[in-house]
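>>> How does the following fold in three dimensions:
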Amino acid sequence: MRPFRTVPRFLSLACAILLLGAAAPAAPAEPKRESPPEASVTEQSVVIGGRSFEFKATASATPVKDAKSGEILAEIATLAFTIESPKAEAGKSPASCRPVVFVFNGGPGAGSAWLDLGAVGPWRLPFVNAVPSTPPRLVDNQESWLGFADLVFIDPPGTGYSRLPSKESARKRFLSVDGDVEMLAVVIRRWTVQEHRQACPKYLLGESYGGFRAPKIARLLQEDENIGIDGLILLSPALDFSWIDGRDNPLLDAALLPSLVASRSGAKDRAALAQAEDYARGEYLSDLLRGPQDAAALERIVGRLSTMTGLAPEKLRRLGGHISAADWARESDPSGRTIASSYDGATRGLNPDPARSSSGWADPVLDALRAPLAEAMEQLVVERLKWPIGDANYEILNDRVAGRWDWGQGRRGQESLSDLRRVMALDPHVRVLVAQGLSDLVTPYFGTRLLLDQSAPVGAPDRIVFVALAGGHMFYAEDGSRAALRDAARKMIAGE
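Model (predicted):
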């Protein structure tokens, strides 16, 4: 996107939920924003499944201070939706406290509105067929998790209503892999202590890059912040960036193929892709390893892929049997009039420049949702939750954060699977739910499945539950998938 001009906009993702581009140059300084106002606490209600839920909504900002000087370095906006636990009757044991789920999105640079208004919060903005002009009308979320857990949505610095530090050294630290994790772990600990929730079950829910940071946050909470986590829920996670940024790696082609087939077929469950998975991990990978100079192997690939994906044999031959998300976006419509989304390969949008082989088009899923989602969040916070944030806009996808992110030794060397195993090894009670969309071309579900298959089980083999659901990166846009995600999370939190 803006910081990248060498690749199409939908692939550069400088303001996306998951960046796929190379390191970006330094972005302009963040505009100065006023400090957020005092916390706003309101009583709210929603009707879910015919049942009315009364709850407290708290919109606030948690200051993060310099340990030595006490200077406020950043203020992290949070939205907390909580239901008071029933009081114990006289002479009986205290009532158990409700589980709490800490929720954050990814990016880097994405606000938590995606999961708040798209999947688990009390209210929902319908995502299907949304475009920038879609009215930001919220409805009671029938798949909200509020019925079985309290929810705390967290926006890292530069996202949502959380402002970036004015001090350059603090800004640089927070906009890094390690600094981001440390800061979020501190915010979670502070909320837990201030609300006296230490004894309550606690879960982390992260999407995309949020799914990458969640195991690292859990590890820091365990080892540095003295807070135990009962479970992690990872949606479309980027567990290992070498499986996203890698070059000339046949494993990545094999990982992507089932999602390409799902994008063409509209598969609603993983069973429908069993043949594609078998071919991907078998004959396809074997022939790819032979290289395009093996004419017989290439022809076998071309014949199978043409049938499975619908792409023309001559195009597949030109690509050497390798199909990327960019190739699918351009080539899956022979007329060139439409392009496919990387976030849901089954969804198409109009191509603004059909005559060119590549152009800076907007993603028909990600970019179409930005305006209505940000506007809906602004209306919710100001009008319903009564938090007067003034002229500040809700940062739904912040290019500045994405462009300045410090990846340490590089993106390809970043992974959090080892952190996940360490968290599970230290606490045998920790459970994990991984959920992905079948037609997601950004973090393909089969790639995550292959990664998990390569990891030795830590303790009981059923501690990690993996589900692949209809839809793309934000698969919860689909009613059935959103309900399936809720049910899977409810079972894990209930200990089932």
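>>> switch to C-alpha atoms for all contacts and neighbour counts from now on
Will do.
>>> can you pull the contacts of the spatially most central residue of the chain?
With distances taken as Cα atoms, centre = their mean, E207 lies nearest the centre of the chain, 2.2 Å away. Counting by Cα atoms under 8 Å, 6 or more residues apart in numbering, E207 makes contact with F104, N105, G106, L115, L234, L235, S236, P237.
>>> ok, I396 touching Y161?
No. With contact defined as Cα atoms under 8 Å, I396 does not reach Y161; the gap is 9.3 Å.
>>> just to revisit the earlier point, not counting its neighbours along the chain, what's nearest the residue nearest to the centre of the chain?
Nearest residue to E207, sequence neighbours excluded (Cα to Cα, 6 or more residues apart in numbering): L235, at 4.5 Å.
>>> quick one: the one you found from F212, how far?
10 Å (Cα to Cα, to the nearest Å).
>>> what is in contact with the two at once?
By Cα under 8 Å, 6+ apart, the residues touching both L235 and F212 are G206.
>>> In this structure the residue nearest to E207 contacts Y209, no?
No. L235 lies out of contact with Y209 (Cα under 8 Å); the separation is 9.4 Å.
>>> Mark out where each domain of this structure begins and ends.
9-242+369-493, 243-350 (automatic domain parsing).
>>> what's the strand or helix carrying D287 packed up against?
Element membership of D287, judged by DSSP states H and E, is helix 285-290. Judged by 3 or more Cα pairs under 8 Å, 6 or more residues apart in numbering; DSSP states H and E, helix 285-290 is in contact with helix 250-265, helix 295-309.
>>> related to what we said a few turns ago, how many residues are close by the residue nearest to E207?
Using other Cα atoms under 10 Å, L235 has 28 neighbouring residues.
>>> give me the low-pLDDT residue ranges for the stretch 251-400 of the chain?
Within the stretch 251-400 of the chain, the segments meeting pLDDT under 70 span 357-359.
>>> and the helix or strand containing R490, which residues are buried?
Here R490 sits within helix 479-493, counting by DSSP H and E. Within helix 479-493, the residues that count as buried by 16 or more other Cα atoms under 10 Å are 479-486, 488-490, 492-493.
>>> which of the helices and strands packed on helix 285-290 is buried the deepest?
helix 250-265 (a mean of 24; mean count of other Cα atoms under 10 Å).
>>> Run the angle between that one and helix 295-309 for me.
Orientation check (axes from the mean of the first three to the mean of the last three Cα atoms, to 10 degrees): helix 250-265 against helix 295-309 gives 30 degrees.
>>> which secondary structure elements does helix 250-265 contact?
Contacts defined by 3+ Cα pairs under 8 Å, 6+ apart place helix 250-265 against helix 274-279, helix 285-290, helix 295-309, helix 445-453.
>>> Just want the angle from that helix to helix 445-453.
Using the same axes, to 10 degrees: helix 250-265 against helix 445-453 is 140 degrees.
>>> Check the offset of helix 250-265 from the chain's centre.
The chain centre lies 20 Å from the centre of helix 250-265; the measure is Cα atoms, centre = their mean, to the nearest Å.
>>> ditto for stretch 37-45
On Cα atoms, centre = their mean, the centre of stretch 37-45 falls 27 Å from the chain's centre.
>>> now swap in stretch 347-363 and tell me
That offset, for stretch 347-363, works out to 24 Å (Cα atoms, centre = their mean).
>>> Was I right to think R213 contacts S416?
Yes. Using Cα under 8 Å, R213 is in contact with S416, at 7.2 Å.
>>> Just to check, L417 is in contact with A238?
No. At 9.4 Å, L417 does not count as touching A238 under the criterion of Cα under 8 Å.
>>> More neighbours: those two, which one.
Each of L417 and A238 has its neighbours counted (other Cα under 10 Å); A238 has more, 28 against 18.
>>> And that one, how close does it get to D453?
Between A238 and D453 the computed distance is 15 Å (Cα to Cα).
>>> and if you look at R348?
Using Cα to Cα, we find R348 at a distance of 32 Å from D453.
>>> what does E75 give?
Counting by Cα to Cα, the gap from E75 to D453 is 40 Å.
>>> and stretch 287-299, how far out from the chain's middle?
So, by Cα atoms, centre = their mean, the centroid of stretch 287-299 is 36 Å from its chain's centroid.
>>> Likewise for stretch 43-58?
On Cα atoms, centre = their mean, the centre of stretch 43-58 falls 26 Å from that of its chain.
>>> how about the strands in the stretch 1-150 of the chain?
40-48, 51-65, 72-82, 100-104, 123-124, 139-140, 150-154 (DSSP state E, counting those that start in this stretch).
>>> Distance to R330 and mean pLDDT added to those strands, as JSON lines?
JSON lines is the format used below for the strands of the stretch 1-150 of the chain (distance: least, Cα to Cα, whole Å; pLDDT from 0 to 100):
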{"stretch": "strand 40-48", "distance to R330": "41", "mean pLDDT": "96"}
{"stretch": "strand 51-65", "distance to R330": "43", "mean pLDDT": "93"}
{"stretch": "strand 72-82", "distance to R330": "39", "mean pLDDT": "92"}
{"stretch": "strand 100-104", "distance to R330": "32", "mean pLDDT": "98"}
{"stretch": "strand 123-124", "distance to R330": "32", "mean pLDDT": "98"}
{"stretch": "strand 139-140", "distance to R330": "35", "mean pLDDT": "97"}
{"stretch": "strand 150-154", "distance to R330": "36", "mean pLDDT": "98"}
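>>> so can I have a markdown table of those showing distance to D230?
Shown next, in a markdown table, are those (distance: least, Cα to Cα, whole Å):
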| stretch | distance to D230 |
| --- | --- |
| strand 40-48 | 26 |
| strand 51-65 | 23 |
| strand 72-82 | 18 |
| strand 100-104 | 10 |
| strand 123-124 | 26 |
| strand 139-140 | 28 |
| strand 150-154 | 14 |
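>>> Can you tell me which of the ones you listed is nearest to D462?
Ranking those by proximity to D462 (Cα to Cα) places strand 100-104 first, at 21.3 Å.
>>> With just CA atoms, put the closest one into CSV.
Provided in CSV are the C-alpha atoms of strand 100-104 (Å, rounded to 0.1, in the frame of the first residue of the first chain):
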residue,chain,number,x,y,z
VAL,A,100,-12.5,-13.0,30.9
VAL,A,101,-11.3,-13.0,27.3
PHE,A,102,-8.7,-10.3,26.3
VAL,A,103,-9.1,-9.5,22.6
PHE,A,104,-6.7,-7.9,20.1
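>>> Which one, of the domains of the chain, ends up nearest to W361?
It is, among the domains of the chain and with distance given as Cα to Cα, domain 9-242+369-493, at 5.7 Å.
>>> Run the chain-centre distance for that closest one.
Worked out by Cα atoms, centre = their mean, domain 9-242+369-493 lies 8 Å from the chain centre.
>>> Okay, strands next: where are they in the stretch 151-300 of the chain?
Assignment of strands within the stretch 151-300 of the chain using DSSP E, counting those that start in this stretch yields the ranges 202-207, 231-235.
>>> now those strands in TSV, with distance to R400 and mean pLDDT?
Listed next are these as TSV, based on distance: least, Cα to Cα, whole Å; pLDDT from 0 to 100:
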stretch	distance to R400	mean pLDDT
strand 202-207	20	98
strand 231-235	24	98
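>>> With distance to V261 added, can I get those strands in JSON lines?
Shown next, in JSON lines, are those (distance: least, Cα to Cα, whole Å):
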{"stretch": "strand 202-207", "distance to V261": "23"}
{"stretch": "strand 231-235", "distance to V261": "21"}
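>>> Let me see the contact set for P352.
By Cα under 8 Å, 6+ apart, the contact set of P352 is W361.
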